[in-house]
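> Pasted the sequence and its predicted model underneath.
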Amino acid sequence: MPKNSKVAKRELDEDVTESVKDLLSNEDMNDNQFKKSALYVDDSQTDDKDVDIEEGSDTEDERPAWNNKLQYILAQVGFSVGLGNVWRFPYLCQKNGGGAYLVPYLILLLIIGIPLFFLELAVGQRIRRGSIGVWNYISPRLGGIGFSSCIVCFFVALYYNVIIGWSLFYFSKSFQHPLPWDQCPLEKNGTQTFVVPECEKSSATTYFWYREALDISDSISESGGLNWKMTVCLFIAWFMVCLAMIKGIQSSGKVMYFSSLFPYVVLICFLVRGLLLKGSWDGIRYMFTPKLEIMLDPQVWRGAATQVFFALGLGFGGVIAFSSYNKRNNNCHFDAVLVSLINFFTSILATLVVFAVLGFKANIINEKCIARNADRILDMLKAEVISHDLIPHHVNLSEVSATDYHLMYNIIKEVKEEDFLKLGLDSCQLEDELNQAAQGTGLAFIAFTEAMTHFPASPFWSVMFFLMLVNLGLGSMFGTIEGILTPLVDTFKVRKEILTVGCCLLAFCIGLLFVQRSGNYFVTMFDDYSATLPLLIVVILENIAVAWVYGTDKFMEDLKDMLGFTPSRYYYYTWKYLSPLILIALFVASIVQLGLSPPGYYAWISELGGEKFLTFPVWGLTLCICLIVLAVLPVPVVFVTRYFNLIDDGSNSLASVSYKKGRILKENSNLEEDDASLLHSKTPSAMPSPVVGNSIYRKQNGSPTPEADTAPNGRYGIGYLMADMPESDL
């Protein structure tokens with residue numbers, strides 16, 4: 001304690017309440033005394049060691065922190081590595097030239113992926129707030145970016161958890177042999193037994209997905225009531241999310257050890273098992289055979305840019321929220337590169353698994369095709385439709401290999417050129433099966449499940465696969481929900497437990513829309529319209545806010561102060577010029593693509609046993625437009641409100657801070673104090689920084705009264721000062 005008679009007479013536990021406004025004015029009048037008294041820390045509290053302010057504080061309102069670096073990395077990996085890595089990236093590889101697709105993906109990962117991921121990590125760690133507080137601090141007029149990010153996160157969470165519910169349903173059905181989607185169900189009509197017509201027209205796995213799992217209606221206009229099985233699964237999914245998030249990163253961080261690592265165990269097991277299956281190498285060879293001519297197609301580059309954009313979770317706010325719980329001197333550049341590369345190699349690993357399994361599945365289907373057509377040839381030989389001379393002597397029609405069948409097929413095609421189509425023979429090419437690209441639910445719940453029915457011990461692999469999907473989904477959900485909760489807690493100072501429960505209950509109630517019999521069509525609608533364009537707008541504005549409003553030079557200085565080294569100039573030019581241009585081009589391309597594609601969905605028609613494209617009704621189109629408008633509306637609203645000063649900045653209000661032995665006990669949030677508030681309309685240069693300089697963040701050894709670093713906006717980080725203050729300085 002400073003040797004001051006008034007302080008010595010006062011009880012140590014007595015609280016001294018002062019106005020923040022008075023503290024700041026006192027700082028201006030007596031700057032040197034304020035610095036020395038504010039930064040003095042008793043050596044007995046530090047034990048001759050550097051003590052982080054957050055770690056050294058026993059205040060109730062201190063910001064939580066990660067237990068260790070591994071927990072933080074796993075959280076970021078769990079958020080960025082999601083279902084898209086398993087069922088979207090392999091589809092894009094299959095569709096866009098196999099191995100050739102990796103070239104544009106890697107280029108765009110380096111140009112927009114890693115730099116923008118680094119940017120979000122850096123601003124979150126520097127300002128130590130959620131998305132609302134971060135963009136409010138950088139540019140109050142662009143403060144609506146944070147609110148738009150929260151709204152998009154909420155929209156995505158609504159339907160993303162439904163997919164976890166679907167995975168839980170399949171997981172619960174996997175504990176039986178044979179698997180329930182292995183065979184088409186039978187119906188009895190009197191004494192006759194026959195296969196269900198809807199299943200016979202499609203396949204066993206397709207029928208189980210659309211009829212048993214979703215019990216889907218024929219159009220989005222036919223609600224059909226709630227699907228109670230999926231309603232229960234959705235409730236369990238939200239209960240799991242709520243339970244893991246209720247204590248913030250203190251609870252979700254522990255869950256990350258399992259939810260982030262378990263998918264890798266499953267993927268490696270699937271890869272080893274898949275490589276031992278017949279035909280798996282055909283699938284992998286198909287994947288890595290590049291079709292270089294496709295690289296000239298602009299749509300390939302647009303697809304790669306979109307995948308990079310969504311794979312890293314840019315714009316959602318989860319990246320910023322997680323990094324805001326880091327120490328200020330954490331090397332976030334290393335984190336950005338590491339997580340981005342882990343995400344990329346996870347996509348490669350998942351693609352290898354998918355193509356190995358699809359190669360196995362394609363071989364099975366191809367063998368059935370050859371056997372079926374060999375029987376047709378045998379029947380035609382018996383009926384003397386074709387001559388025996390056309391069949392090579394070494395061919396055994398009871399066991400025809402793929403090579404022998406293709407030889408017979410080509411001979412018959414040449415001889416019977418005019419009448420060949422009437423024979424009804426199929427080419428049975430393996431490439432034709434591998435070219436049938438499937439993505440999303442079609443890959444996970446139809447194609448992959450069908451392949452697993454041919455695995456030895458298929459129930460075990462089914463359990464592992466859907467448990468992996470649940471964990472991948474939960475990891476992404478934790479980041480998405482954190483992108484909602486952290487900004488709201490920082491801004492409105494509500495208890496996180498209450499907000500978490502309320503958010504999950506509200507989301508479950510709204511999510512009942514997705515567990516109707518027509519719910520799958522709403523999932524498609526939200527996936528297509530609620531996230532893509534709004535997130536692009538959010539990330540474009542984030543880039544502009546940092547590079548052009550806050551200033552790239554100033555941001556690079558902040559990074560040097562925070563990291564201890566200056567990042568490569570590559571990031572300077574990428575943030576300032578390259579990334580904004582590419583993002584704007586991607587936005588324009590997305591608008592054009594949206595305009596050229598008729599707004600609609602693929603409906604399952606039970607009578608046809610197949611899908612049919614239908615356009616949205618008028619109310620459906622209105623809902624699509626509302627989703628986009630609602631997500632981006634906060635940006636212009638906040639801009640106009642602050643530009644024209646339509647709301648009072650609260651300059652006459654007082655905010656009080658209570659101190660106990662020099663430590664902050666309580667901050668009564670209001671418009672003047674909280675730089676993260678939506679209604680706070682001060683410019684960055686006039687606002688107290690939520691970040692402290694290096695000297696303020698740590699007390700250095702051998703320097704009992706160090707000089708304070710000023711924060712980037714010229715103010716001292718009062719909210720993080722932990723020193724005993726003499727009464728004379730207050």
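Noted; the coordinates are in hand.
> how about stretch 183-197: buried residues?
Neighbour counts over stretch 183-197 (16 or more other C-beta atoms under 10 Å) mark C184, V196 as buried. Heads up, the C-betas are built off the backbone N, CA and C, glycines and all.
> just the CA coordinates of that stretch, formatted as CSV?
The C-alpha trace of stretch 183-197 is given here as CSV (Å, rounded to 0.1, in the frame of the first residue of the first chain):
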residue,chain,number,x,y,z
GLN,A,183,-33.8,-53.5,-47.3
CYS,A,184,-37.1,-52.1,-48.6
PRO,A,185,-40.0,-52.8,-46.3
LEU,A,186,-42.7,-55.2,-47.4
GLU,A,187,-46.5,-54.7,-47.4
LYS,A,188,-49.2,-57.3,-47.2
ASN,A,189,-52.3,-57.2,-49.3
GLY,A,190,-54.4,-60.1,-48.2
THR,A,191,-52.3,-63.2,-48.9
GLN,A,192,-49.8,-61.3,-51.2
THR,A,193,-46.6,-59.7,-49.9
PHE,A,194,-44.9,-57.0,-52.0
VAL,A,195,-42.3,-54.3,-51.7
VAL,A,196,-43.6,-50.8,-50.9
PRO,A,197,-44.0,-49.1,-54.3
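> Going along the chain, name the strands of the protein.
16-19, 186-189, 192-195, 600-605, 610-615, 656-660, 663-667 (DSSP state E).
> packing partners for the second one?
The contact analysis (3 or more C-beta pairs under 8 Å, 6 or more residues apart in numbering; DSSP states H and E) places strand 186-189 against strand 192-195.
> where does the chain have low pLDDT?
Residues of the chain that meet the criterion pLDDT under 70 lie in 1-62, 417, 437-440, 647-730.
> Give me the longest helix you can find in it.
Longest helix of the chain, by residue count under DSSP state H: helix 332-382.
> Pull the contacting residues for the most centrally placed residue in the chain.
By C-alpha atoms, centre = their mean, the chain has its centre lying nearest to G313, at 4.4 Å. G313 makes contacts with F79, S80, G82, V319, S476, G479, as judged by C-beta atoms under 8 Å, 6 or more residues apart in numbering.
> Against A75, how distant is it?
Separation of G313 from A75 (C-beta to C-beta, to the nearest Å): 11 Å.
> Repeat that for V546.
23 Å.
> Give me the more crowded residue out of those two.
The neighbour comparison of V546 against A75 (other C-beta atoms under 10 Å) goes to A75, with 30 against 25.
> The more buried one and S252 touch, don't they?
Yes. Taking contacts as C-beta atoms under 8 Å, A75 lies within contact range of S252: 7.3 Å.
> that older thread, for the contacts of G313, which single residue is the most surrounded?
Of all the contacts of G313, the highest neighbour tally under other C-beta under 10 Å goes to V319, namely 31 neighbours.
> how about the residue nearest to it when sequence neighbours are not counted, what does it touch?
Once flanking residues are discounted, V319 sits nearest to E120: 4.4 Å by C-beta to C-beta, 6 or more residues apart in numbering. The contact partners of E120, taken as C-beta under 8 Å, 6+ apart, are L314, V319, I320, S323, E542.
> Next, format the contacts of G313 as JSON lines and append distance to C369.
Formatted as JSON lines, those follow (distance: C-beta to C-beta, whole Å):
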{"residue": "F79", "distance to C369": "43"}
{"residue": "S80", "distance to C369": "40"}
{"residue": "G82", "distance to C369": "35"}
{"residue": "V319", "distance to C369": "47"}
{"residue": "S476", "distance to C369": "38"}
{"residue": "G479", "distance to C369": "44"}
